[in-house]
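[1] just need the structure, nothing else, for what follows:
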Amino acid sequence: MNNAVNDEVWSGSWVAERLGVALVGDDGLPALLGLALRRNPKRAHLLVSNVLGKHVPQSPAVVYDHGLRLGRRVLDLLGEAEAATAVVLGYAETATGLGHAVADGLGRAPYLHSTRRPVAGLVPAGGFEESHSHATSHLLLPEDPGLLAGDGPLVLVDDEFSTGNTVLNTIRDLHERCPRRRYVVVALVDMRSPEDCARMERFAGETGARLDLIATVSGTVRLPEGVLEKGQELVARYEQAGPGAAGRARPAKPQDVPPRTPAGTPAPAGRVDLGWPRGLPDGGRHGFTPAHRARLDTALPAMAARLRDALPAGARRVLVLGCEELMYAPLRLAHALERTTDAEVRFSTTTRSPVLAVDDPGYAIRTRLVFPAHDDPADGPGERYAYNVAGGGFDAVVAVVDSAADTPALHAPDGLLARLAAHVPHVLLAVVPSYVPHAPERPAMLPEPLRGPAFSSYAPQEVGWLLQDLSAVTLEAPTEEREEAIQRGGAHYAESLPVEYQPSERYQELFHTALEESAARIARAVGAVTETVIAERSPRPVLVSLARAGTPVGVLMRRWAQFRHGLDLPHYAVSIVRGRGIDTNALRWLAGRHDPRDVVFVDGWTGKGAITRELAQAVEEFEAKEGVTGFDPEIAVLADPGSCVRTYGTREDFLIPSACLNSTVSGLVSRTVLRADLVGPHDFHGAKFYRELAGADVSGAFLDAVSARFPEVADAVEEAAKELLAADRTPTWAGWRAVERISEEYGIHDVNLVKPGVGETTRVLLRRVPWKILARAGAGADLDHVRLLAEQRGVPVEEVGDLPYTCVGLIHPKYTRGATGADGKAVTL
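    Numbering: from 1, shown residues only. Down below sits the predicted model:
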């Protein structure tokens, strides 16, 4: 076969004839686009660009010129003055080179492209999801945090616009962080439907910003009913048939493309030292300025000459092959080489996108080579692809990778170089130094999370504790002494620990009975809240539970995600202290290793919403001080009886058995501690691991009992999640108003001494010196453990007819000298 663009046969006709897909629009559409099929649950067809330099080898002059011309159109639109303040943003992986070329055409604009390659210690300036892609998480990692903080026009570049969702997601995220007056959207092809166009116009009206769009050609894709299912069936049939299906299929296996060179005699491969300028970025992953562009322009002739001299004598057709996101440097090298040699030079790039290959002139992807990823990707190992290389008639291939991708996997027997050598007589490797910016220095190195069994009885993969181990420090005091000390010295409640409650045999029986009766109910709530998080917050959330009541819930949510979606979600536990906020060092650690937008804070339940408000204020202060944005303070909880959050499993106030106990149901970990002589300004907050209580530990039993009910509640969870996602879940703060009323009716006059809900009432009885318990008439078995604890503590239980919660615990300073308020200090009357 010959991969040159065939002027007589449109490279989309094979798909069009079999699926009824049609491109409708500008006359230039067929020249720019072909069609292929892929295994994708959202979109079976793939628009394959002939001028992007990704799937189809093309003249580098043609590829570069398309981007330059788009950039010059942006310059004409903005004018010189406004263009001088613009920033260009391109999308990984397909449009990284196109975005660079647009920035070159614009002239003086700096450039940044999204990336799927995180950098330890470098805090993302943003991120977003790509709605139709098979691999979606994009990070924005500029070396200069101010790159995206200006108020000049932001030019967003993608290869195609199918719905516009990706662009809208990006603008929405960045506009919230740093509003701009103007956005310009640029693409080779605009294939949005009229509905998508109208939605973008409405979006521009909502933001109050001007939104312009520039594309080389425009049109729409006409998709008949059932095309997704028909496309998936066609892909499956060809993949199963193997070579020779319909005479010409090239399905999924790498050996399906037979080697050109004889077995055992691979084509020679050698390295080319490019002489890449020291310190020059390899592309726009972390920002590429006009000064960088000038340095590259100066160095290109010499580097192209080195490539030309390394080519075999008589090479007539040469491919320069880029590597996934690394498109611009190989493109510029190929363009310079094209001008210094008589050989026919073509340019394309490897990709992570799986596409069916069919060797037919009417199909855009004629052949594919399959090889393992070789740049240690953050999302784990996987297959990568080079399309239309085998059978392309190339005499030599120059593979251009960055140094992060020059790994043993690249040189392995099944690696990219070996795959190329099986089909091309000469293979050369050119390595561009990976540019990794220096992360901002921190005052002190933060340690890795503590994990079981060294700290906590949880399995190490269940949770990482962003805490320091204070197990060797004596922090406990009897409850009465502790509260008296708080009152006497104005000390904070988090500076000491209550003595761990040792449950009686009767109380332990109550726990196990409650667990047996409520396990399915809890499993449904766990499933519902986890499905809501995945649907609305992030498809791959980073669970961050508020130690310690939130930690068992975080573990259960992680288990549900594994059970239902096969996801292995990261889960950490952090400290939040009333009156002092969340552990900012833990937030800093999280921001250095994850996109803050993926972080979902998890707690067990809401009472009146004090911690919800505390977290929102703490995150706001942290972002203002640290310049790190993206953390969403909205807490995901199992139960939200106070109507304080949007993300919950239920709003019923029922017994969650983990609230019945302290450390023995929370991995044997204490409450968190924040005391100046133990926790420095650059330390994580502290906690203790009560190893000596291992004989009474039911942490694993609680988790296993609930997890065992996952299969039986799966259908109910699916329905509950649908109802939640469709419902108006706006917090009403009804719980807060009820607490205010109770505080006044009982003469307390301080909402912080009213502890609503089963969970908070249990905490009062276990850790404090309560005044009385209010119980809703007819509450039943959910309060058996509360009544038992109240009896043991000599606390009266008063039944109330119109109580909005199942129960409420009251603390009164007349009866508890050391009662504490919102700031964690003593309350006096």
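[2] okay, now residue 271: neighbour count?
    The number of residues packed around residue 271, counting by other C-beta atoms under 10 Å, is 11. (Each C-beta comes from the backbone N, C-alpha and C, glycine too.)
[3] quick check: buried residues in stretch 382-396?
    384-392, 394-396 (16 or more other C-beta atoms under 10 Å).
[4] wasn't residue 763 part of a helix?
    Yes. Using DSSP: H, G, I helix; E, B strand; the rest coil, the assignment for residue 763 is a helix.
[5] quick check: pLDDT value at it.
    At residue 763, the model reports a pLDDT of 74.
[6] hang on, it packs against residue 755?
    Yes. Judged on C-beta atoms under 8 Å, residue 763 makes contact with residue 755 at a distance of 6.8 Å.
[7] the two: which has the busier surroundings?
    For residue 763 versus residue 755, neighbours defined as other C-beta under 10 Å are more numerous around residue 755 (26 against 19).
[8] okay, and the beta partners of the more buried one?
    Beta bridges link residue 755 to residue 809, judged by DSSP bridges.
[9] which neighbours do residue 763 and residue 755 share?
    residue 809 (C-beta atoms under 8 Å, 6 or more residues apart in numbering).
[10] rewinding a little: any chance of the buried residues of stretch 382-396 in JSON lines, plus distance to residue 107, pLDDT and secondary structure?
    As requested, the buried residues of stretch 382-396 are exported to JSON lines (distance: C-beta to C-beta, whole Å; pLDDT from 0 to 100; DSSP: H, G, I helix; E, B strand; the rest coil):
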{"residue": "384", "distance to residue 107": "34", "pLDDT": "95", "secondary structure": "strand"}
{"residue": "385", "distance to residue 107": "35", "pLDDT": "95", "secondary structure": "strand"}
{"residue": "386", "distance to residue 107": "34", "pLDDT": "97", "secondary structure": "strand"}
{"residue": "387", "distance to residue 107": "33", "pLDDT": "96", "secondary structure": "strand"}
{"residue": "388", "distance to residue 107": "33", "pLDDT": "96", "secondary structure": "coil"}
{"residue": "389", "distance to residue 107": "34", "pLDDT": "96", "secondary structure": "coil"}
{"residue": "390", "distance to residue 107": "39", "pLDDT": "95", "secondary structure": "coil"}
{"residue": "391", "distance to residue 107": "40", "pLDDT": "93", "secondary structure": "coil"}
{"residue": "392", "distance to residue 107": "35", "pLDDT": "94", "secondary structure": "coil"}
{"residue": "394", "distance to residue 107": "35", "pLDDT": "97", "secondary structure": "coil"}
{"residue": "395", "distance to residue 107": "37", "pLDDT": "96", "secondary structure": "coil"}
{"residue": "396", "distance to residue 107": "35", "pLDDT": "96", "secondary structure": "strand"}
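[11] helices and strands of this structure: which one has the lowest mean pLDDT?
    Using mean pLDDT, DSSP states H and E, strand 249-250 stands out as the lowest-scoring helix or strand of the chain, at a mean of 40.
[12] and the next helix or strand past that one?
    The helix or strand immediately downstream of strand 249-250 is strand 269-272, counting by DSSP states H and E.
[13] and that following strand, which strands flank it?
    Sheet partners by DSSP bridges: for strand 269-272, these are strand 426-432 (parallel).
[14] show me what the helix or strand following the partner strand is in contact with.
    Toward the C-terminus, strand 426-432 is succeeded by strand 464-465 as the next helix or strand (DSSP H and E). The contact list for strand 464-465 (C-beta under 8 Å, 6+ apart) reads 448-451, 455-456, 547, 570-573, 669, 687.
[15] can you list the neighbours in contact with the next helix-or-strand element following strand 464-465?
    Where DSSP H and E defines the elements, the next helix or strand beyond strand 464-465 is strand 468-469. Strand 468-469 is contacted by residues 447, 450, 455, 679, 683-689 when judged by C-beta under 8 Å, 6+ apart.
[16] name every strand pairing with strand 468-469 and say which way it goes.
    By DSSP bridges, strand 468-469 pairs with strand 686-687 (parallel).
[17] how far does the strand it pairs with sit from the chain's center?
    28 Å (C-alpha atoms, centre = their mean, to the nearest Å).
[18] equivalent analysis for stretch 192-211, please.
    Taking mean C-alpha positions (C-alpha atoms, centre = their mean), stretch 192-211 and its chain are 26 Å apart.
[19] contacts for that stretch?
    161-164, 167-168, 171-172, 175, 179-185, 213, 220.
[20] ok, 10 Å please
    With contact meaning C-beta atoms under 10 Å, 6 or more residues apart in numbering, stretch 192-211 is reached by 153-154, 156, 160-165, 167-168, 171-172, 175-176, 179-185, 190, 212-213, 215, 218-223.
[21] that's all I had, so thanks and see you.
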